[in-house]
Structures are given as structure tokens and as C-alpha cells.
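>>> Structure, please.
(one chain, ligands or ions: 2)
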Amino acid sequence: MMNCLQMWPEPVVRVQHLSDSGIRVIPERYVKKPSERPSISEPVDKEINIPVIDLQNLYSDEESLRQETSSLIYDACSKWGFFQVVNHGVSHQLMAATREVWRQFFQLPLELKQQYANSPATYEGYGSRLGVEKGISLDWSDYFFLHYLPMSLRDQTKWPSVPDSCRELVAKYSEEVVKLGGKLMKIFSVTLGLRENHLEQAFGGEIGACLRANYYPKCPQPDLTLGISSHSDPGGMTLLLPDECVPGLQVRHANNWITVKPVPNAFIVNIGDQIQVLSNATYKSVEHRVMVNSEKERVSLAFFYNPKSDVLIKPVEELVTEDKPALYSPMTYDEYRVHIRIRGPCGKSQVESLKSPK
Ligand code: OGA
Ligand code: NI
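Ligands and ions are numbered 1, 2, ... in the order given. The predicted structure follows:
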């Protein structure tokens, strides 16, 4: 099995190359089944958006405002699995600069980016597919994946050396986003009725953190494909910096696909499978996907905040009751990840398959 993870089963095609080649018809491999295509005709209220939370309100002098904000967070995590956070403490200028440096990276000539071509052994570097199954359906995106934590996995020589400022910005940005992730871990613990550092300890006292810069090239037939197929995020939580002007992310809610309308300078936060497991499914890791379009490319930065990879993740005792027995069997994040790496994005089948037999 490890052998088959050392290399891709077929030559990798850069989606950006397909897009730049001027084709009018996308290759079959990118065409989704009709049931999975982004149907634009769904009768969804255009005004609906995921909840927006002002983090500063949690530290207000007014007790009622603090309470109200806590319950907004609880509702967001238990009903949506997603929210946008503003007044989060990360420098807006740093956010914009980091996103723009990645935009510039993806605009570099293909030969240059090719030096960073990744393999399924670690996924680090420049990539164009998830999952190693031969003939697997492909998504309309390229990406760059890198490790920030633990320190033993951080290797800045694998990060882009062009543009000049890339490595430095990524390091600064990651440092800030990890701080925000730590704050949210405390907030999630408390809103779940646990001690402030409960989730942090359950994560093993140290975290894994990685960044995936996503690049969604223009697509001549956006109705037939997706930038990322429906999936839930496997890790702890994700802090996403979306493109400021190009929408694309859709979240499944009450059996509809809701298109997220990004609030300026906000992060989109979502619960991943590991927090769903720890919270015994009180907090939900919700399916999401990305639409592409024919007008504009889109860049987003997904920062994954994960448990230490070798600690057993299982529902915390305080959230297991007679009425709600443990829904999941213990598993390390390392073991869990193997499923995803083989199969690529596929809805919520991973976390569902974890469920203990009743
Ligand atoms: C992801 C993801 C959404 C986006 O990288 O896991 O869901 O808007 N990205 O790029
Ligand atoms: Ni995701």
C-alpha cells in the first residue's frame, strides 16, 4: 500500500494549462455526474448566508452580549458547521498580502512551478489531484500544499522561493492563524460545556497545521464540473481565507447548497471531522464544495488546524451520555487520513464510516 502512495498512477495535467490552452470543451475526467453538478436553478433564497460572528463581542464588558455571542457560535457549529468570523485579531493587511503572493505564484510559468510538483507520499508541493485511484474523477483546480506544524515536518525549502516574500509571508500568516485557531479551540470547548483547554488537550497538547493554497482557473463549462467536489474536511477545523471578490464556496444546509457570500476581511471557519468526533456529533463537520466560473480565476487559502497525528481521537466522556452513547470508535488522525488520501474528496463517507456499530 505505501508503494502505491509514492507516485501518481497517471501523468498529472495542470488545470491551469487546460484553461490557458483555450479549449471550449472540458475533458471527460472533469465532467461530474448530473446529480453532482452545480445546478444554478435550485430555488435557494439568495439572501441566506452562513452566520457571521464578531469575535470581539465574546470579550465585551456586557455579559448579555457575551452570552448572545456564545450561543451564536454554538448554533453556528451545531447547525451549520460553518461561520465567518470578523474582529478575529489577524492583520487584514497580512491576510491580503499572503493571498496576493499566492496569486502571483500561480501566475508564474508552469515550468517554474513544476519544480515543486508533489507526489501522493506527502502531498507537499504543487498538485492537481487528490486521491490516487487510477481513472478517478478530477476537480477543476490546482493547489500548493505545505506543512507548518509540527516543527519536524516544517521544511521551508519546500515552500516557493518565488515571489521573494512568499516564505516570509506564509510563516507570519501561519503564526497568526494558529493563534486564532487556539482561541477558537478554547471557545469551542467552553461552548460545548467543557473546560477551556479540554479540546486542546484532546488534540494531544500540540497540533498539526498545514496550508493549502487553492487555485481555480477559469473554466469554459462551469456547469459541468466543480473546483472541489463535495467533501467534509478531515482534520480539526479549517480557517479559510476566500478570494475577496470571486464567490465559489457552497455549504450544504438543510439539503440545499448555500453559496457563501464572503464578508470583507473575515475568515470562514468550519468544523472538521475530528471535532465532530470529539464533540460526539454536537458540532458538525459539514459537506462543502467549490463552483468555478468562466470569467475569473479564484484563489483561496485553506489553513488546516489538526490534532497531533498519533493521539486517539474519540468522543469526550462529558459528552457521552445514556441518551447519546459514543457515536465513534477511537482512531488516530494518521489512520483516518489514509482513507482520504486514497479516495480523494467524497462527501462525508469517511466520518460516517467511523460510526460504532450499534
Ligand atoms: C478546502 C476547501 C474551499 C474554497 O480546501 O478544503 O473546501 O473555497 N476550500 O477554496
Ligand atoms: Ni474543504
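>>> Now the longest helix belonging to the chain: buried residues?
The longest helix of the chain (DSSP state H) is helix 166-191. For helix 166-191, burial by neighbour count (16 or more other C-beta atoms under 10 Å) applies to 166-167, 169-170, 173-174, 176-178, 180-181, 184-191. Yep, even glycine has a C-beta here, placed from its N, CA and C like the rest.
>>> which among those are in contact with ligand 1?
When the buried residues of helix 166-191 are filtered against ligand 1 using C-beta under 6 Å from any ligand atom, no residues are retained.
>>> Show me which residues of the stretch 251-358 of the chain sit near ligand 1.
Contacts of the stretch 251-358 of the chain with ligand 1, taken as C-beta under 6 Å from any ligand atom, map to 288, 290, 300, 302.
>>> repeat that for 5 Å
The interface of the stretch 251-358 of the chain toward ligand 1, taken as C-beta under 5 Å from any ligand atom, is made up of 290, 300, 302.
>>> Starting from the one helix or strand the last one maps to, tell me which strands it pairs with and how they run.
Read that as A302. Assigned by DSSP states H and E, A302 falls within strand 298-307. Strand 298-307 pairs in its sheet with strand 207-216 (antiparallel), strand 237-241 (antiparallel), by DSSP bridges.
>>> can you put those in TSV and add mean pLDDT?
Shown next, in TSV, are those (pLDDT from 0 to 100):
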stretch	mean pLDDT
strand 207-216	98
strand 237-241	98
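>>> now the helices for the chain?
Counting by DSSP H, the helices of the chain are 15-20, 63-75, 92-107, 110-114, 166-191, 198-202, 273-278, 333-343, 349-353.
>>> Need the winner for burial among those helices.
Mean neighbours per residue, mean count of other C-beta atoms under 10 Å, is largest over the helices of the chain for helix 273-278, with a mean of 27.
>>> outside of it, which residues touch it?
For helix 273-278, contacts defined as C-beta atoms under 8 Å, 6 or more residues apart in numbering pick out 81, 188, 199, 202-203, 232-237, 283-285, 306-307, 313-316, 319, 327-328, 331, 333, 336, 350-351, 354.
>>> Please pick the buried ones from the residues you listed.
The neighbour-count test (16+ other C-beta under 10 Å) marks 81, 188, 199, 202-203, 232-237, 283-285, 306-307, 313-316, 319, 327-328, 333, 336, 350-351, 354 as buried among these.
>>> rewinding a little: okay, the angle between the longest helix of the chain and helix 63-75?
100 degrees (axes from the mean of the first three to the mean of the last three C-alpha atoms, to 10 degrees).
>>> distance between helix 166-191 and the chain's centre?
The chain centroid and the centroid of helix 166-191 are separated by 14 Å, computed with C-alpha atoms, centre = their mean, to the nearest Å.
>>> Kindly calculate the angle that it makes with helix 92-107.
Using the same axes, to 10 degrees, helix 166-191 lies at 130 degrees relative to helix 92-107.
>>> List the buried residues of stretch 212-220.
For stretch 212-220, burial by neighbour count (16+ other C-beta under 10 Å) applies to 212-219.
>>> Below-threshold pLDDT in this protein: ranges please.
Applying pLDDT under 70 to the chain flags the ranges 1-5, 40-45, 340-347, 349-350, 352-358.
>>> ok, K79 to ligand 1 distance?
19 Å (C-beta to the nearest ligand atom, to the nearest Å).
>>> K158 too?
19 Å.
>>> So for that residue, what's the nearest residue that isn't a sequence neighbour?
Once flanking residues are discounted, K158 sits nearest to E124: 5.3 Å by C-beta to C-beta, 6 or more residues apart in numbering.
>>> for the one you found, what are its contacts?
Counting by C-beta under 8 Å, 6+ apart, E124 makes contact with 118, 145-147, 155, 158.
>>> T98 versus that one, what's the distance?
Distance from E124 to T98, counting by C-beta to C-beta, to the nearest Å: 18 Å.
>>> G208 and P307 touch, don't they?
Yes. Counting by C-beta atoms under 8 Å, P307 is a contact partner of G208 at 6.9 Å.
>>> any common contacting residues for the two?
Listed contacts common to G208 and P307 are 235, 333; contacts here mean C-beta under 8 Å, 6+ apart.
>>> Kindly provide the distance from the closest residue in space to W159 that isn't next to it in sequence to ligand 1.
Excluding the flanking residues, the one nearest W159 by C-beta to C-beta, 6+ apart is R167, at 5.0 Å. Separation of R167 from ligand 1 (C-beta to the nearest ligand atom): 21 Å.
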